[in-house]
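prediction below, plus the sequence it came from.
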Amino acid sequence: MAIRDHVLPLLRVHGALEVQRDTVRLIELRMPPWMFHHWTPFNDLNPGEASSPGYRHAIERQRTQSNLPYGLDIWHGERMLRLLWADDGSLDVVSFVRGKWEDDVLTL
(Lines give C-alpha, C1' and ligand atoms only; values in the text may rest on other atoms or scores of the structure.)
Protein backbone atom coordinates (compact mmCIF):
# COMPACT_ATOMS: atom_id res chain seq x y z
CA MET A 1 0.00 0.00 0.00
CA ALA A 2 2.95 2.34 0.63
CA ILE A 3 4.05 1.87 -2.98
CA ARG A 4 0.52 2.51 -4.24
CA ASP A 5 0.14 5.62 -2.11
CA HIS A 6 3.48 6.94 -3.38
CA VAL A 7 2.82 6.24 -7.07
CA LEU A 8 -0.78 7.47 -7.39
CA PRO A 9 0.08 11.19 -6.94
CA LEU A 10 2.75 10.82 -9.67
CA LEU A 11 0.16 9.31 -11.99
CA ARG A 12 -2.36 12.04 -11.24
CA VAL A 13 0.15 14.83 -11.99
CA HIS A 14 2.18 13.33 -14.85
CA GLY A 15 0.02 10.53 -16.26
CA ALA A 16 -1.94 10.65 -19.50
CA LEU A 17 -5.47 9.42 -20.07
CA GLU A 18 -5.07 6.42 -22.36
CA VAL A 19 -8.49 4.77 -22.46
CA GLN A 20 -11.93 5.80 -21.33
CA ARG A 21 -14.79 3.53 -22.33
CA ASP A 22 -17.46 1.40 -20.75
CA THR A 23 -16.85 1.65 -17.01
CA VAL A 24 -13.05 2.05 -17.01
CA ARG A 25 -10.68 4.99 -17.28
CA LEU A 26 -7.00 4.06 -17.69
CA ILE A 27 -4.21 6.51 -16.89
CA GLU A 28 -0.68 5.64 -17.94
CA LEU A 29 2.69 7.05 -16.96
CA ARG A 30 5.92 6.02 -18.67
CA MET A 31 9.18 6.93 -17.02
CA PRO A 32 11.65 4.46 -18.58
CA PRO A 33 12.35 1.88 -17.33
CA TRP A 34 9.08 2.30 -15.40
CA MET A 35 5.54 2.02 -16.67
CA PHE A 36 2.48 2.57 -14.48
CA HIS A 37 -1.17 1.84 -15.28
CA HIS A 38 -3.96 3.01 -13.00
CA TRP A 39 -7.61 2.37 -13.73
CA THR A 40 -10.73 3.69 -12.09
CA PRO A 41 -14.42 2.94 -12.56
CA PHE A 42 -15.31 6.49 -13.49
CA ASN A 43 -16.19 7.72 -16.94
CA ASP A 44 -18.26 10.30 -18.77
CA LEU A 45 -21.84 9.29 -19.37
CA ASN A 46 -22.95 8.43 -22.87
CA PRO A 47 -25.56 10.76 -24.37
CA GLY A 48 -28.94 9.79 -22.98
CA GLU A 49 -27.50 7.62 -20.19
CA ALA A 50 -29.13 8.11 -16.82
CA SER A 51 -26.90 10.08 -14.48
CA SER A 52 -28.61 9.31 -11.18
CA PRO A 53 -26.71 7.56 -8.38
CA GLY A 54 -29.59 5.08 -8.21
CA TYR A 55 -28.93 4.02 -11.79
CA ARG A 56 -25.23 3.50 -11.12
CA HIS A 57 -25.97 1.48 -7.96
CA ALA A 58 -28.45 -0.69 -9.88
CA ILE A 59 -25.77 -1.46 -12.48
CA GLU A 60 -23.27 -2.35 -9.73
CA ARG A 61 -25.77 -4.73 -8.08
CA GLN A 62 -26.08 -6.66 -11.35
CA ARG A 63 -22.48 -7.84 -11.07
CA THR A 64 -22.07 -11.27 -9.51
CA GLN A 65 -18.44 -10.95 -8.36
CA SER A 66 -17.15 -8.71 -5.61
CA ASN A 67 -16.00 -5.52 -7.22
CA LEU A 68 -12.53 -4.09 -6.70
CA PRO A 69 -12.86 -1.25 -9.19
CA TYR A 70 -9.46 0.42 -8.77
CA GLY A 71 -6.25 -1.06 -10.04
CA LEU A 72 -2.55 -0.36 -10.35
CA ASP A 73 0.07 -2.15 -12.43
CA ILE A 74 3.75 -1.33 -12.03
CA TRP A 75 6.13 -2.50 -14.72
CA HIS A 76 9.93 -2.46 -14.55
CA GLY A 77 10.82 -4.57 -17.58
CA GLU A 78 8.12 -6.99 -16.44
CA ARG A 79 5.06 -6.54 -14.31
CA MET A 80 6.26 -6.27 -10.72
CA LEU A 81 2.99 -5.45 -8.98
CA ARG A 82 -0.74 -5.60 -9.62
CA LEU A 83 -3.09 -4.30 -6.93
CA LEU A 84 -6.88 -4.10 -6.93
CA TRP A 85 -8.87 -2.22 -4.30
CA ALA A 86 -12.21 -0.68 -3.41
CA ASP A 87 -13.41 2.34 -1.47
CA ASP A 88 -14.37 0.15 1.49
CA GLY A 89 -10.69 -0.76 2.08
CA SER A 90 -10.80 -4.16 0.37
CA LEU A 91 -7.47 -4.95 -1.24
CA ASP A 92 -6.17 -7.79 -3.40
CA VAL A 93 -2.50 -8.18 -4.25
CA VAL A 94 -2.89 -10.08 -7.52
CA SER A 95 0.82 -10.31 -8.27
CA PHE A 96 3.94 -9.10 -6.52
CA VAL A 97 7.63 -9.70 -7.27
CA ARG A 98 10.04 -8.83 -4.46
CA GLY A 99 13.21 -6.98 -5.38
CA LYS A 100 15.29 -3.83 -5.42
CA TRP A 101 12.59 -2.11 -7.46
CA GLU A 102 10.52 -1.74 -4.25
CA ASP A 103 13.02 0.76 -2.82
CA ASP A 104 13.69 2.34 -6.21
CA VAL A 105 10.04 3.15 -6.91
CA LEU A 106 9.74 4.95 -3.58
CA THR A 107 12.51 7.36 -4.61
CA LEU A 108 10.65 8.60 -7.72
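Structure's in. What do you need?

what about the strands in this structure?
Using DSSP state E, the strands of the chain run over 16-21, 24-31, 34-40, 70-76, 78-85, 91-96.

save those strands as a markdown table, and put in distance to L108, mean pLDDT and mean neighbour count too.
In this view, the C-beta of every residue, glycine as well, is placed from N, C-alpha and C. Shown next, in a markdown table, are the strands of the chain (distance: least, C-beta to C-beta, whole Å; pLDDT from 0 to 100; neighbours: other C-beta atoms under 10 Å):
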| stretch | distance to L108 | mean pLDDT | mean neighbour count |
| --- | --- | --- | --- |
| strand 16-21 | 17 | 79 | 12 |
| strand 24-31 | 7 | 92 | 16 |
| strand 34-40 | 7 | 95 | 19 |
| strand 70-76 | 11 | 97 | 19 |
| strand 78-85 | 13 | 97 | 17 |
| strand 91-96 | 18 | 96 | 12 |
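
turn those into JSON lines, columns for distance to P9.
JSON lines is the format used below for the strands of the chain (distance: least, C-beta to C-beta, whole Å):
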{"stretch": "strand 16-21", "distance to P9": "15"}
{"stretch": "strand 24-31", "distance to P9": "11"}
{"stretch": "strand 34-40", "distance to P9": "11"}
{"stretch": "strand 70-76", "distance to P9": "12"}
{"stretch": "strand 78-85", "distance to P9": "15"}
{"stretch": "strand 91-96", "distance to P9": "18"}
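
for P41, give its distance to L29.
19 Å (C-beta to C-beta, to the nearest Å).

what does P69 give?
Going from P69 to L29 by C-beta to C-beta gives 20 Å.

scan this structure for its longest helix.
For the chain, the longest helix by residue count, based on DSSP state H, is helix 2-14.

give me the mean pLDDT for that helix.
What helix 2-14 shows for mean pLDDT is 96.

could you find the closest non-adjacent residue to D92?
Closest residue to D92 apart from its sequence neighbours, by C-beta to C-beta, 6 or more residues apart in numbering: L84 at 4.5 Å.
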